[in-house]
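Colleague: next come a sequence and a model predicted from it.
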Amino acid sequence: QKEVEQNSGPLSVPEGAIASLNCTYSDRGSQSFFWYRQYSGKSPELIMFIYSNGDKEDGRFTAQLNKASQYVSLLIRDSQPSDSATYLCAVNAGGTSYGKLTFGQGTILTVHP
Amino acid sequence: GAVVSQHPSWVICKSGTSVKIECRSLDFQATTMFWYRQFPKQSLMLMATSNEGSKATYEQGVEKDKFLINHASLTLSTLTVTSAHPEDSSFYICSARGDANSPLHFGNGTRLTVT
């Protein structure tokens, strides 16, 4: 079983719709969770991070964390074509390994006009 | 926000030569930097953790004698790919954070092509 798994995609949504990206992780001791966006040929850029159970909203983005289910998701409201990219879920185990991220394989999102 | 600068953005080298990649934190002190590698259509894989003033910690399967890491100051870490081979061609990305509660920020990456 992979340590961090994302729905394989690719995910295609129409402009203006809600895109839902999902991620599960295997290490129950994981402390913090990150969503990165990566455009083709570019480095990942941080979208959001979440540490506590529940929802965290930032503009059109909402991250949801459920530690009991070992599940974290990212919702993108009012999706735009510029949101088309690969979205990477990353998990940090915490403790002495803080900052050492394990990445999922990424979900390719396409927002079509 | 935190800025991490990586140089060069791309490099082409001949097989057997060495290439040095620099990673700088521009507006914060980074006691820890991380080096990742990403092959086409794959996710990022951590290669090593670079700690200022001490030896780097390498992930399993990463040859420390081939990928030399130096973290001589709180704002600079370097990765040197020694005796590069075509299979080392990849996208190398560094990341850094300030304090323990700060998320990682990534450099722009270096695309290495070994011919």
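Modeller: Perfect, thanks for sending it. Computed from a predicted model, the values in this text were never measured in an experiment. Numbers count the residues shown, from 1 in each chain, chains lettered A, B, ... in the order given.
Colleague: burial of the closest residue to chain A within chain B, as a residue count?
Modeller: Per C-beta to the nearest C-beta, residue B:109 is where chain B lies closest to chain A, at 4.1 Å. Heads up, the C-betas are built off the backbone N, CA and C, glycines and all. Neighbourhood size, residue B:109 [other C-beta atoms under 10 Å in any protein chain shown]: 23.
Colleague: give me the pLDDT value at it.
Modeller: The model reports residue B:109 with a pLDDT of 94.
Colleague: same question, the one 4 residues further on
Modeller: The predicted local confidence for residue B:113 comes out at a pLDDT of 97.
Colleague: who are the contact partners of it?
Modeller: By C-beta atoms under 8 Å, 6 or more residues apart in numbering or on different chains, the residues touching residue B:113 are B:10-13, B:89.
Colleague: are any of those residues buried, and which?
Modeller: Applying 16 or more other C-beta atoms under 10 Å in any protein chain shown to the contacts of residue B:113, the neighbour count classes B:11, B:13, B:89 as buried.
Colleague: any chance of those residues in CSV, plus pLDDT, secondary structure and distance to residue A:12?
Modeller: CSV is the format used below for the buried ones among the contacts of residue B:113 (pLDDT from 0 to 100; DSSP: H, G, I helix; E, B strand; the rest coil; distance: C-beta to C-beta, whole Å):
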residue, pLDDT, secondary structure, distance to residue A:12
B:11, 97, strand, 35
B:13, 95, strand, 39
B:89, 96, coil, 31
